[in-house]
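Participant: Sequence and predicted structure are below.
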Amino acid sequence: SVSRHHTCAVQNGALKCAGLNNKGQLGNNTLTANAGPQSVFAPLDSGVLSVTVGAEHTCAVKTDNSLWCFGSIGNVNPDKVPVQILAGGTQTIARGRWHSCAVIDGALKCAGANTFGQIGNGNTTTATTFETAVGMESGINIVSASPVQSCGIVNGALKCFGYNLHGELGDGTNTNSLIPSQVFGQTEKVAFASSGGCTTNGHGGPPGEIRCVYDNGDEGDHTCSIVDGTLSCFGDGNFGQLGNSSNADSNVPVLVSGLSSNVKTAASGARHSCAIVGTELKCWGDNFWGQIGNGSFTNTNAPVTISVIAAAPTNLVYSTPAAVYQKNVAITANQPTNSGGIISNYTITPALPAGLTLNAASGIISGTPTATKVFTNYTITGKNTGGQITASISIVVNEQAPTNLVYPTNPAVYVKGTTIATNTPTHG
């Protein structure tokens, strides 16, 4: 999880952070910045399930569903080491810039800065503890947060609160709301929502979930939601981040162009958005830094399909690099292994001996050779979108070795000077 100036990640259950540490947001009992990841103090050195980071704070959920935070939430006195906020019941968590929200025992609770009502408790006073948003005491399963706005799904209905200059609450107005406000037309079947920040659905999110796709330290004024596989967005549209082929703001949800079905999940950055549609990744909006990922730096107000480049494969080897086979005897499959990226296609030169085949998808060589073949070297090439790697193997195909050699007359007794009957051998 990333913010403007620090990053945290979970490695084998241990929370590690790097970057700016002026408020103790690295959790290592110092205020000294660190250029490399360091382990957060106990008890977050093990058993950590998920993490989210704000501008000056970090919060994590452990496997026992306890919630721990450190740094400064809402400009209160910083904690340089993890402090337990809740002993259990934490289901999911999301962060804004100076506030964070969590689903705790089914209720939506937020803490931190509250200038625009992003805590949802009916006032604008900084919340130094997690407080329940009005009307969100139960039935919440998803929460999202942008720098100055928050949203939650309650019994299938999407409600948002906080800053609303660009219509990012989606309630048909441009007026800030200190309590959750119903998003226009989205009163049921809302499966997912992502504001211009980090969003989780449960601890790990749905399969293939993408989140925190761009630093939204100062911005993030739009929200996207999924209803029956259809993606809609609302709020600031100046950079095309609503994806409806327009650059206008909208204070009600508008359909993203071409994404009326099969949307699996989505993420909203500061000024751009992305979604997984079927098996494809699509993005749109601000592209000044190339964050759309389509090879250009030009903004787009409609989704474009992104070609994801895999890590190049390395160290391709075969289980039997020097193979000796027998004609008409099925071989043991010769299987490849490699490091790096997953290989998507295999080829071989020259052609394999008659009866043997190379599976182009798996790279496995199998079959039954039907002819002899002298010693020959082969080059196998494994490729994916990120690059290619080669491996060399050798193959010899011999005739089957003779077995069970038998002579019909054995032992043989012959008479000198007398022609014998032919003793013809047989063998397997």
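Facilitator: The structure has been received and is ready for your questions.
Participant: What does the pLDDT read for G204?
Facilitator: Note on G204: pLDDT of 33.
Participant: just Q38 next, same as before
Facilitator: pLDDT, read off for Q38, is 83.
Participant: Just give the nearest non-adjacent residue to it, would you?
Facilitator: Distances taken as C-beta to C-beta, 6 or more residues apart in numbering put N28 closest to Q38, at 5.3 Å, once the chain neighbours are dropped. For glycine as for every other residue, the C-beta is placed from the backbone atoms N, C-alpha and C.
Participant: Might one say that the one you found is in contact with K16?
Facilitator: No - contact status for N28 versus K16: not in contact, 9.7 Å apart, counting by C-beta atoms under 8 Å.
Participant: Just want to know which of these two has more residues nearby.
Facilitator: Neighbour count, other C-beta atoms under 10 Å: between N28 and K16, K16 has more, with 23 against 19.
Participant: Which neighbours do N28 and K16 have in common?
Facilitator: 38-40 (C-beta atoms under 8 Å, 6 or more residues apart in numbering).
Participant: Return the members of these classed as buried.
Facilitator: In terms of neighbour count (16 or more other C-beta atoms under 10 Å), the buried residues within these are 38-40.
Participant: Let me have those residues in JSON lines, extended by distance to T90 and secondary structure.
Facilitator: Shown next, in JSON lines, are these (distance: C-beta to C-beta, whole Å; DSSP: H, G, I helix; E, B strand; the rest coil):
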{"residue": "Q38", "distance to T90": "24", "secondary structure": "strand"}
{"residue": "S39", "distance to T90": "21", "secondary structure": "strand"}
{"residue": "V40", "distance to T90": "17", "secondary structure": "coil"}
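Participant: how about the residue nearest to Q38, what does it touch?
Facilitator: Counting by C-beta under 8 Å, 6+ apart, N28 touches 17, 21, 34, 38-41, 80-81.
Participant: Quickly find the element holding it.
Facilitator: In the assignment (DSSP states H and E), N28 maps to no helix and no strand.
Participant: Run through the stretch 201-350 of the chain and note the low-pLDDT ranges.
Facilitator: Scanning the stretch 201-350 of the chain for pLDDT under 70 picks out the ranges 201-220, 308.
Participant: Where do the strands of it begin and end?
Facilitator: 222-227, 230-235, 250-255, 263-268, 272-277, 280-285, 300-306, 313-318, 322-326, 336-340, 345-349 (DSSP state E, counting those that start in this stretch).
Participant: To I420, which of the ones you listed lies closest?
Facilitator: Proximity to I420, assessed across these by C-beta to C-beta, is greatest for strand 322-326 (35.2 Å).
Participant: Pull out the buried residues from the closest one.
Facilitator: Buried residues in strand 322-326 (16+ other C-beta under 10 Å): 323, 325-326.
Participant: And for stretch 167-187?
Facilitator: 167-172, 176-184, 186.
Participant: Kindly report the same for stretch 5-22.
Facilitator: By neighbour count with 16+ other C-beta under 10 Å, stretch 5-22 contains the buried residues 5-8, 10, 15-21.
Participant: any chance of the residues you listed in JSON lines, plus distance to T385 and pLDDT?
Facilitator: As requested, these are exported to JSON lines (distance: C-beta to C-beta, whole Å; pLDDT from 0 to 100):
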{"residue": "H5", "distance to T385": "33", "pLDDT": "75"}
{"residue": "H6", "distance to T385": "32", "pLDDT": "81"}
{"residue": "T7", "distance to T385": "27", "pLDDT": "80"}
{"residue": "C8", "distance to T385": "30", "pLDDT": "86"}
{"residue": "V10", "distance to T385": "28", "pLDDT": "89"}
{"residue": "L15", "distance to T385": "33", "pLDDT": "93"}
{"residue": "K16", "distance to T385": "30", "pLDDT": "91"}
{"residue": "C17", "distance to T385": "32", "pLDDT": "89"}
{"residue": "A18", "distance to T385": "30", "pLDDT": "86"}
{"residue": "G19", "distance to T385": "31", "pLDDT": "86"}
{"residue": "L20", "distance to T385": "35", "pLDDT": "87"}
{"residue": "N21", "distance to T385": "38", "pLDDT": "89"}
